[in-house]
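**Student:** Sequence first, then the predicted structure:
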Amino acid sequence: MVGSLGACRCGTLCCASELRRSLTMERVKVTADAAVCDYVMAHGGTLWVRSTRHQCCHGPLTLLDASTDRPEDAASYEPVDDAGLPITVRFKTAHGRPDELVLELRGLARKRPAAFWDGCAFKP
C-alpha cells in the first residue's frame, strides 16, 4: 500500500525508506537571507549541506558544512522541499534533523555559505 511508511506498491524496502525520507525532510524549516540565495545561484545553483561529527574534550559535537561544490557522495543527499532555494542535505547523526536550518553568507575576503543547526553553530 502506497500510503503506509512500512510498505510500498513494489514491496521493496528502498521505496518505503524514500517515502519516509521525503516526509521527514518537509519538516525542516529553512531560513536564508538574500545574500546566500544570490551566492548559491551564482556558484552552481545548489547548496549541499552535511553534518559532520567531531570529538571535543567535552564530548562529541555535530557541525554542519555547507558548499556549492557537488560532493562525490551526492547520491546520499536528500532534497529539502519548499526551501525557495535548491538545497540538498545529508544528516548522519544520532540527533536526527534540525527543526530549522539557518543559512548565512560568511567571510570578509572570501565569501562562503554557512549552515547552522536550529540557529546554533553546533549540536552537542
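**Tutor:** Yep, it's here.
**Student:** And the strands in this structure?
**Tutor:** Assigned by DSSP state E, the chain shows strands spanning 29-32, 47-56, 59-67, 78-79, 87-90, 100-106, 112-117.
**Student:** what comes up buried for the third one?
**Tutor:** Across strand 59-67, burial judged by 16 or more other CB atoms under 10 Å covers Thr62, Leu64, Ala66, Ser67. Where C-beta positions appear, they are placed from N, C-alpha and C, glycine not excepted.
**Student:** Now for the second one: which residues touch it?
**Tutor:** Which is Leu64. Val49, Arg50, Ser51, Thr52, Leu101, Ala115, Phe116, Trp117 (CB atoms under 8 Å, 6 or more residues apart in numbering).
**Student:** one step back: report the two of the buried residues of strand 59-67 separated the most.
**Tutor:** Thr62 and Ser67 (16.9 Å; CB to CB).
**Student:** looking at this structure, which helix or strand does the model trust least?
**Tutor:** Lowest by mean pLDDT, DSSP states H and E among the helices and strands of the chain is helix 13-25, with a mean of 39.
**Student:** which of the strands of the chain is buried the deepest?
**Tutor:** Among these, strand 87-90 has the highest mean neighbour count (mean count of other CB atoms under 10 Å), at a mean of 21.
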